[in-house]
Structure formats: structure tokens, C-alpha cells
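> task: produce atomic coordinates for the following.
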Amino acid sequence: MVLWLVGVLVPLMLSGCMAMHEARRDRQQQDMDIIRVQHLQQIGSWLEEYRRVAGHYPLGNKKAGQLASYVYIDRTNQRANHVNGVTRYSIVMSTELFEQDLSQVLGRPIRLPVDPQSSYSDKPLSYIYIADGDSYRLVGFTDHAFLFTKPLAEHSHLVSITSDARLHDGINYWDLMGKAPFKRVLAATPAKPELATDPQVSFRKAGGFSPATGQDKVLYALHQRRLNDVKALLQTGGINLSPNCLKRELCNALTFEAQFGTAEGVAMLLDAGANVAGVDGYHDSALMAAVSNADPVERAAIFDLLLAAKADPNVPNIYGWLPLAAVAQEGEIPLMERLVDHGAHLNFSPKVTLGQGPSPLVAAVKGKQLEAVKWLLAKGVRTNMQDDREMRPLDYAKEGGDAAIIKLLEESLGKPEPQIPSSPQGL
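As a prediction, this is how the structure comes out:
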């Protein structure tokens, strides 16, 4: 009888305790959701005020229009989380520097809030600011569902605020401020008001956001095109300009400036001792990064600077692409000439972990660049080489359907193969 009672009562007691715990957790998360919404409104108001004062949003950089700049307003270092599966053109910027930037432009001390939950049972909760050209997204997460959130998982709902709902998945900041469901949450008072203050005080007492390194400061100044600040930082010395980037991370100042900046900035970094052989988390060298610089004049000048500094043109990135193949795909013959003059191999088709990169000829064929194909053939490139798909340049030309390139390659196949090695090792 006693055993029977124990078998019945213990599960009931445990079930009751669990229900009480869940109810207590739910009430606490309701309070925290109110605070999270208030935080997002406050951060959004600073972003809009920044634009009114500066003429652009924080980290807005039209020259780096391809680049999405992430700021994690969070208790933890988010670098490793960010580089897991993000798009190629993105960079994590220092939260401490972002906060300083807001304070400087707005003319008063700004203290960014962090999520009121001080410990996490699953993934850390963050407020995330994403600047993309001259627009932004501000992202947060709530435990409960609201009419302005999107469900992600149990106890995780997305709040996505944007300056331009035409470009980004989210609700325009000003539209959201006028929505009744949002206004009701914004006007609510937490049952425990101390949840809005105590976590912020303890976070600041513990040191706040991760201190910005010298490398962080150089990258931030380069991003904002503050070259005088870059110069002053470099003169202090002791800054690691060739850091070890995490996989798929853009953190190398020289590769960043080669891709998104100017020849002036590249020269400044080289003069300060930046390693021309350094690579970022995609194994892009500065030379490879320069291929994507949107300004053709700056791109050519940066190429000249890097090649004069003995940059190796035969370093593939993680996808097996080389600078010569990349410019051949775009038909940029002057840059092709520069690279070959400085040792770029005409037939190199690197095999890397993620596959095999295209040879310069295959890249030109895929890009349907007839003049580049002619130029490469005149240099004596091999036309019979097969890649890991057992495809030759002619096969790719037939896939692309460019009649002039097909004819040119068919004619070249009847000629003797030149004795140019297929790689720097002569393989």
C-alpha cells in the first residue's frame, strides 16, 4: 500500500513542481519580452537620430555596398557564431567601437542595452545590428509570440526592424512604431522593474563589451573611410595587421582595404608592415580580394601596389579560384597582363578541399569573354586539359552556347599543344 502511494504521489508532486516552475518562468519571460521590445525601440531611435545628424546610418558605407557589417549587442563574443554559414561579404565589427561611434555622433554618452536574461539555456540572445550599404536591419528575439514577430522555434520569435522593408525582411522602424500591438508592449510595465536595470548594471560592472583590439580599430576606421585615424593608429605601433582569421571570416585589414577601399589605404597598410601574403578566412589574398574592388581605377592601382610588393598571384582561395581566373572571367585583359608579367601561371587549375578551381581559360569561357579567350590562346594556353568533371574548355563553351568561342576553341584543338606546365609545380 505504501509503495503504491509513493508511486502515485511522487509523480504528481513532480508534475506540480514542474508546472509551477514553468509558470514562474513564463511570467519572468513576459517581463523580459517587454524589456526586449523597449530596448529595440531605444536602439532604433538612436539609429534614426544618427542618420539625421550624420546623413547616413552607423557603418553605412556605400563604397562597401556589397558588405554587410554585423554588430552583436550581446554579453558574449559572437565571432565564432557569426562565421558559421554566413554570406561571403560580411564582417563583424566591434560593439565597443560601435557604441563609441554612436556617442560621438549623437553628442552624449550612449549605453547600449543587453538582453535582460543573464544566463542562457540554449543559444545566447542578442540584439543584432546589420548595416548593408545605406540601409539596416535591427534584429532581436522574444520568448513569446506577438503580432509583429515571426516564429523560429519554441521560446524563440524574431523581431526584425529595418530602415527599408523593400530591401530587407522586416518591418520599417517608423511603421512598427505606429502599430498598436507594438505600442501596447512598449507601454507595458514589467511586474519586476528591476529586470530592466539590474542586468545592465551588473553587465557594466563586469567590464561591458569585449575591449576593441588595435586590429578592430583599424578595421572600423577603414570601413568608415577615416584614413587619418588609420594613419594615427598605425603610428602607435604594436597592431597585428596579419591576424589569424576564423574560417569564413573577413578580419584582415589589407584584404579588406584591397576589396572595399582605395590604393591610398593599401599603401598606408603596406608601409606599416602589413603582410602582403596574409589571407582572410576565405583564404583570399589581398590580390584576390582586389579583383572584387568595384572601382576600376582603384582596382588597377591596388594591383600595381600589391604586385610591386611581391604578392604571389598563384595563391588560390578556399574555392580554388586564382586572381588570373577571376579577372579572365571578367575579360579584364590589362589586369591579366599584369598578373602574367608577375608570374601568374596560365594553366593553373588548383585542387582544394572544396573542389577544383577553374583554369583562366575555363573562367574566360564561362564568362563568355571572347577577347580574353583570344588573348589566352595567343599566350599558348592548353586547350585539352580536363578538370575534375572531365570537362575541357570546349565542353564548357558548348554548355554556354557562345558560337564564336566554340569555333575558336575547335580551331585551336587542331594545333599542337604548347609545353606550358599546368601548375606552378609543373603537374
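> quote the end-to-end distance of stretch 224-242.
Taking CA to CA, to the nearest Å, stretch 224-242 runs 20 Å from one end to the other.
> actually stretch 307-325, not the one I wrote
From start residue to end residue, stretch 307-325 stretches across 16 Å - CA to CA.
> before we move on, what about stretch 167-182?
22 Å.
> give the contact list for Leu138.
40, 43-44, 47, 127-130, 160-162, 173 (CB atoms under 8 Å, 6 or more residues apart in numbering). The way it works is simple: take the backbone N, C-alpha and C, and place the C-beta from them, glycine included.
> narrow those residues to those in helices?
40, 43-44, 47, 173 (DSSP state H).
> so which of those residues comes closest to Gly320?
In terms of CB to CB, no member of these lies closer to Gly320 than Leu47, at 39.9 Å.
> from Leu106, how far off is that closest one?
As judged by CB to CB, to the nearest Å, Leu47 and Leu106 stand 10 Å apart.
> what's the answer for Gly331, then?
Gly331 is 47 Å from Leu106, by CB to CB.
> could you pull out the helices for the stretch 301-427 of the chain?
Under the criterion DSSP state H, counting those that start in this stretch, helices of the stretch 301-427 of the chain are mapped to 323-330, 333-341, 360-366, 370-378, 393-400, 403-413.
> now do the stretch 1-150 of the chain
Under the criterion DSSP H, counting those that start in this stretch, helices of the stretch 1-150 of the chain are mapped to 2-54, 79-82, 95-106.
> mean confidence score for the shortest one?
Across helix 79-82, pLDDT averages out at 59.
> stretch 357-365 now?
Across stretch 357-365, the per-residue pLDDT values average to 94.
> just the residues contacting it, thanks.
So stretch 357-365 is in contact with 316-317, 319-322, 324-326, 328-329, 331, 336, 344, 346-351, 366, 372-373, 376-377, 381-383, 385, 387, 391, 393, 396-397, 400, 402, 405, 409, 422, going by CB under 8 Å, 6+ apart.
> report how many residues lie close to Asp101.
Asp101 sits with 20 neighbouring residues when counted by other CB atoms under 10 Å.
> same question, Lys398
Neighbours of Lys398 (other CB under 10 Å): 16.
> and it, what does it touch?
Taking CB under 8 Å, 6+ apart, one finds Ile406 in contact with Lys398.
> of the contacts of stretch 357-365, buried ones?
In terms of neighbour count (16 or more other CB atoms under 10 Å), the buried residues within these are 316-317, 319-322, 324-326, 328-329, 331, 336, 344, 346-350, 366, 372-373, 376-377, 381-383, 385, 387, 393, 396-397, 402, 405, 409, 422.
> returning to what we had before: who has more neighbours, Leu47 and Leu106?
Leu47 (20 against 15).
> if you skip the residues just before and after it, what's nearest to the more buried one?
Ranked by CB to CB, 6 or more residues apart in numbering and with sequence neighbours excluded, the top spatial neighbour of Leu47 is Tyr57, at 5.9 Å.
> ok, Met385 to Glu298 distance?
Counting by CB to CB, the gap from Met385 to Glu298 is 34 Å.
> and the residue nearest the centre of the chain, what is it in contact with?
Nearest to the mean C-alpha position of the chain, by CA atoms, centre = their mean, lies Ser90 at 1.2 Å. Taking CB under 8 Å, 6+ apart, we find Ser90 in contact with 67-70, 82, 250.
> confidence-wise, which of the residues you listed comes last?
Lowest pLDDT among the contacts of Ser90: His82, 58.
> pLDDT weak spots in this structure?
For the chain, the stretches flagged by pLDDT under 70 are 1-22, 61-66, 77-88, 119-124, 414-427.
> show me the domain layout of it.
25-205, 214-413 (automatic domain parsing).
> winner for burial among those?
Highest mean neighbour count among the domains of the chain (mean count of other CB atoms under 10 Å): domain 214-413, with a mean of 19.
> for that one, how far is the first residue from the last?
55 Å.
> gap between it and the chain center?
In terms of CA atoms, centre = their mean, to the nearest Å, the centre of domain 214-413 is set 18 Å apart from its chain centre.
> next, give phi and psi for Asn347.
phi -110, psi 10 (degrees, to the nearest 10).
> tabulate the ones in helices among the contacts of Leu138 (a markdown table), appending distance to Thr76.
Formatted as a markdown table, the ones in helices among the contacts of Leu138 follow (distance: CB to CB, whole Å):
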| residue | distance to Thr76 |
| --- | --- |
| Leu40 | 19 |
| Ile43 | 18 |
| Gly44 | 22 |
| Leu47 | 22 |
| Tyr173 | 26 |
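> return the member of these nearest to Asp143.
Leu40 (14.2 Å).
> wait, what's in contact with the closest one?
The contact partners of Leu40, taken as CB under 8 Å, 6+ apart, are 127, 138, 140, 159, 161.
> for the second one, give the beta-bridge partners.
According to DSSP bridges, the partner residues bridging Leu138 are Tyr129, Ile161.
> residue contacts, the closest residue to Lys179 other than its chain neighbours?
Once flanking residues are discounted, Lys179 sits nearest to Phe148: 6.1 Å by CB to CB, 6+ apart. Contact partners of Phe148, counting by CB under 8 Å, 6+ apart, are 159, 171, 176, 179, 181-182.
> any idea how far Phe148 lies from Ile130?
Taking CB to CB, one finds Phe148 at 18 Å from Ile130.
> same check, this time on Ala290
From Ala290 over to Ile130 (counting by CB to CB), the distance is 25 Å.
> same check, this time on Ala311
32 Å.
> then Asp304?
According to CB to CB, Asp304 stands 34 Å off from Ile130.
> just Glu194 next, same as before
31 Å.
> neighbouring contacts of stretch 230-244?
Contact with stretch 230-244 is made by 213-215, 217-218, 221-222, 251-254, 265, 268-269, 272-275, 278, as judged by CB under 8 Å, 6+ apart.
> so what secondary structure elements neighbour the helix or strand containing Val185?
Taking DSSP states H and E as the criterion, Val185 maps to helix 180-187. Judged by 3 or more CB pairs under 8 Å, 6 or more residues apart in numbering; DSSP states H and E, the packing partners of helix 180-187 are helix 2-54.
> repeat that for 10 Å
helix 2-54, helix 173-177 (3 or more CB pairs under 10 Å, 6 or more residues apart in numbering; DSSP states H and E).
> please consider this matter closed, and thank you.
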